[in-house]
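**Student:** Mind folding the following:
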Amino acid sequence: MGKKTIAGGLARLMSEGKVPKSLAAKAILALDLPPLRLLKKPGFWHERLDSALVAAAENGKIFFVSRMHDRPEEIPITSIHATELLQRLILAGKIQCIGTSTPATLTKLQADGHWLAEYFEPIEVAPANEETTISVLHGIKEVYEAFHNVSYTADAIAHAVLCAIKYIKRGCLPGAAVDVLDEAGAAAQLRQGSLPAEVVEVQKRLGFIVQRMEASIANHEFEKARFYSDEERKERDNLRKLHEKYKRDDNPALNVHPEDIERAVSKLVGMPIEAIRSRTGNPEDSSPISD
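**Tutor:** Down below sits the predicted model:
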């Protein structure tokens, strides 16, 4: 649904100074800790972890925890989860925190009188609608075009959203439509033939670097972001040289059409492509189709 993306977008607005003065000097820090095992002196470690988090908060950090309600059952009693680590500090008003959960879980937490329901203000994030999702895909398509060496037509993007609405039952928009777009790009590339191993390796490294750079920007770790930005330029230069080596630039990027989208959906959901075509009708008609 894009809850993490919203937190990242807020962090970006903060870095650009496009926020109220109360947030201008702050930064969002994603807290993605594995369960911490406290085998010895649990009180000793609690105090030091508390001190570290309070110090970060005093320096303007707002913590972000995805799926804050989770505490996997397999975590041993000698371990603590990130949520438990933050609880005392949140209750004492010493730190600020943004968390994500689901409507069903929030309802249960409220019914149980859980502290998370009492101390957090819920903000509902609805799935993106069709129009917004199309806009999102147009905004990110260049990343997938560069990765798969393809070009997505406007019809393909609209059809990806339509098919995601109708057939992809797991997840929500825009994520489900992004999955369709990615799979269609990969499928189109396979039609052209297998990529050289060197090209595949560089593409993998490039994708990893871009992810790390975006995470660094979201966490206001600008030194890391600059490092990854330099690495991205190097890998893109390597990719360009490999394209020249294998004469891939002689072959323009493949256009991804609505029929490629249908092939991708067929693979993702295990439905015959003929059935998808008969139910979606004209690919240029991007309005949802009812059963």
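
**Student:** which ones are touching the closest residue in space to residue 65 that isn't next to it in sequence?
**Tutor:** Leaving aside its sequence neighbours, residue 65 sits nearest to residue 99 (Cβ to Cβ, 6 or more residues apart in numbering; 4.8 Å). All C-beta spots, glycine's among them, are computed from the backbone N, C-alpha and C. Neighbouring residues of residue 99 by Cβ atoms under 8 Å, 6 or more residues apart in numbering: 64-69, 83, 116, 120.

**Student:** Check residue 138 too.
**Tutor:** Counting by Cβ under 8 Å, 6+ apart, residue 138 has contacts residue 157.

**Student:** pLDDT weak spots in the stretch 151-291 of the chain?
**Tutor:** 191-195, 218, 220, 247-253, 278-291 (pLDDT under 70).

**Student:** which residues of it fall in helices?
**Tutor:** Taking DSSP state H, counting those that start in this stretch to define them, one finds helices in the stretch 151-291 of the chain at 154-167, 175-192, 197-218, 222-245, 258-269, 273-280.

**Student:** what comes up buried for the first one?
**Tutor:** Buried positions in helix 154-167, judged by neighbour count with 16 or more other Cβ atoms under 10 Å: 155-167.

**Student:** what do you get for the third one?
**Tutor:** Within helix 197-218, the residues that qualify as buried by neighbour count (16+ other Cβ under 10 Å) are 199, 202-203, 205-206, 209-210, 212-213, 215-218.

**Student:** Repeat that for the longest one.
**Tutor:** Buried residues in helix 222-245, counted by 16+ other Cβ under 10 Å: 225, 228-229, 231-232, 235, 238-239, 242-243.

**Student:** now it and helix 197-218, what's the angle there?
**Tutor:** Interaxial angle, helix 222-245 versus helix 197-218 (axes from the mean of the first three to the mean of the last three Cα atoms, to 10 degrees): 160 degrees.

**Student:** Give me the helices and strands touching helix 222-245, please.
**Tutor:** Other elements packing on helix 222-245 under the criterion 3 or more Cβ pairs under 8 Å, 6 or more residues apart in numbering; DSSP states H and E are helix 197-218.

**Student:** got the angle for the helix it packs on vs helix 175-192?
**Tutor:** 160 degrees.

**Student:** Show me the protein divided up by domain.
**Tutor:** According to automatic domain parsing, the chain comprises the domains 3-119, 130-280.

**Student:** just those: most buried one?
**Tutor:** domain 130-280 (a mean of 17; mean count of other Cβ atoms under 10 Å).

**Student:** could the buried residues of helix 154-167 be laid out in CSV, adding distance to residue 18?
**Tutor:** Formatted as CSV, these follow (distance: Cβ to Cβ, whole Å):
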residue, distance to residue 18
155, 35
156, 33
157, 28
158, 31
159, 35
160, 31
161, 29
162, 34
163, 35
164, 31
165, 32
166, 37
167, 38
